[in-house]
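>>> coords below, sequence missing:
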C-alpha cells in the first residue's frame, strides 16, 4: 500500500514536467565561450577546456 501511495505521489509531482511547464528563454541569446575550441554543427554546440555558458541571468561553468 505504501508503494502505491508513493508511486501516485511521484506521478502527480511530475505531472508539470510532462506538460512542459518549465519555462526556458526561447529567444534569449546563448553565449558559449571556452579557452579551447568551440564548434557548432547541425544545431549542436561543442566546446572544450574551461567552458562558460551564459543564458539570460544564468551562468554555467565547466572544466
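Received, thanks. Bear in mind that the values here come from a model prediction, so they are computed numbers and not experimental data. Numbering: from 1, shown residues only.
>>> show me where this protein has strands.
For the chain, the strands defined by DSSP state E cover 30-33, 38-41, 44-47, 51-55, 58-62.
>>> just checking, what packs against the second one?
Other helices and strands packing on strand 38-41, by 3 or more CB pairs under 8 Å, 6 or more residues apart in numbering; DSSP states H and E, are strand 44-47. In this view, the C-beta of every residue, glycine as well, is placed from N, C-alpha and C.
>>> who does the strand it packs on pair up with?
strand 38-41 (antiparallel) (DSSP bridges).
>>> follow-up on the earlier one: export the strands of the chain to TSV and tack on mean pLDDT?
Listed next are those as TSV, based on pLDDT from 0 to 100:
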stretch	mean pLDDT
strand 30-33	89
strand 38-41	89
strand 44-47	88
strand 51-55	90
strand 58-62	90
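>>> these: which one's closest to residue 7?
The minimum distance between residue 7 and the strands of the chain falls on strand 58-62, with 32.8 Å, by CB to CB.
>>> strand partners (parallel or antiparallel) of the closest one?
When pairs are called by DSSP bridges, strand 58-62 turns out to pair with strand 51-55 (antiparallel).
>>> residues in contact with the partner strand?
By CB atoms under 8 Å, 6 or more residues apart in numbering, the residues outside strand 51-55 that reach it are 25, 28-34, 59-63.
>>> at 10 Å instead, please
For strand 51-55, contacts defined as CB atoms under 10 Å, 6 or more residues apart in numbering pick out 24-25, 28-36, 38, 45, 47, 59-63.
>>> for the chain, which helix is longest?
helix 2-13 (DSSP state H).
>>> just give me how far that helix sits from the chain centre.
Centroid separation for helix 2-13 versus its chain: 26 Å, with CA atoms, centre = their mean, to the nearest Å.
>>> kindly report the same for stretch 26-45.
Centroid displacement of stretch 26-45 relative to its chain, using CA atoms, centre = their mean, is 14 Å.
>>> good, wrapping up.
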